[in-house]
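Sequence and predicted structure, then a few things I'm wondering about:
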Amino acid sequence: QVQLVESGGGLVQTGGSLRLSCAASGSMFSVDDMGWFRQVPGKQREFLAGITRGGSTHYEDSVKGRFTISRDNAKNTVYLQMNSLKPEDTAVYYCNVQIRALRPGGVLGSLTTYWGQGKQVTVSS
């Protein structure tokens, strides 16, 4: 069974930095695109950053230049370094990973999107 476990987050003052991590584990054949989203109460979950297995990245405009996504393929882990944080960055942050699971008997599963459990990030003014 595949699972994602997030770590990091917490409370920081305006202008501060935080780092989120998201590790995938379980019976996996491949880990493809990885990304980060966030959600505030009453709003839709929004895309922040994505990274391909080859390392190509793309960002939502509001975090470009402040957030950096990276990954360690050997550890099946994706990171989000968040700098120059603002109160409007306060949200629950979720990692999103596309994984092809390895089923019993060596059968490959379909490419499936998995979500982390979410981590609260609070930026005080």
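Noted; the coordinates are in hand. Residues are numbered from 1 along each chain as shown.

looking at it, Ile69 is touching Met82, isn't it?
No. Ile69 is beyond contact range of Met82, at 10.0 Å (criterion: Cβ atoms under 8 Å). All C-beta spots, glycine's among them, are computed from the backbone N, C-alpha and C.

Of the two, give the one with the bigger neighbour count.
Per other Cβ atoms under 10 Å, whichever of Ile69 and Met82 has more neighbours is Met82, with 25 against 22.

confidence score at Gln44?
The model reports Gln44 with a pLDDT of 97.

The chain should start at 8 in everything you say after this.
Got it, first residue is 8 now, which makes that one Gln51.

how far away is it from Ile76?
Noted for Gln51: a distance of 20 Å to Ile76, by Cβ to Cβ, to the nearest Å.

so the residue nearest the centre of the chain bridges to which residues?
A centroid search over the chain (Cα atoms, centre = their mean) returns Cys102, at 2.7 Å, as the residue closest to the centre. Note on Cys102: beta-bridge partners by DSSP bridges are Trp43.

What of Lys126?
Tyr100.

How about the contacts made by it?
Lys126 makes contacts with Glu13, Ser14, Gly15, Gly16, Leu27, Val99, Tyr100, Tyr101, as judged by Cβ atoms under 8 Å, 6 or more residues apart in numbering.
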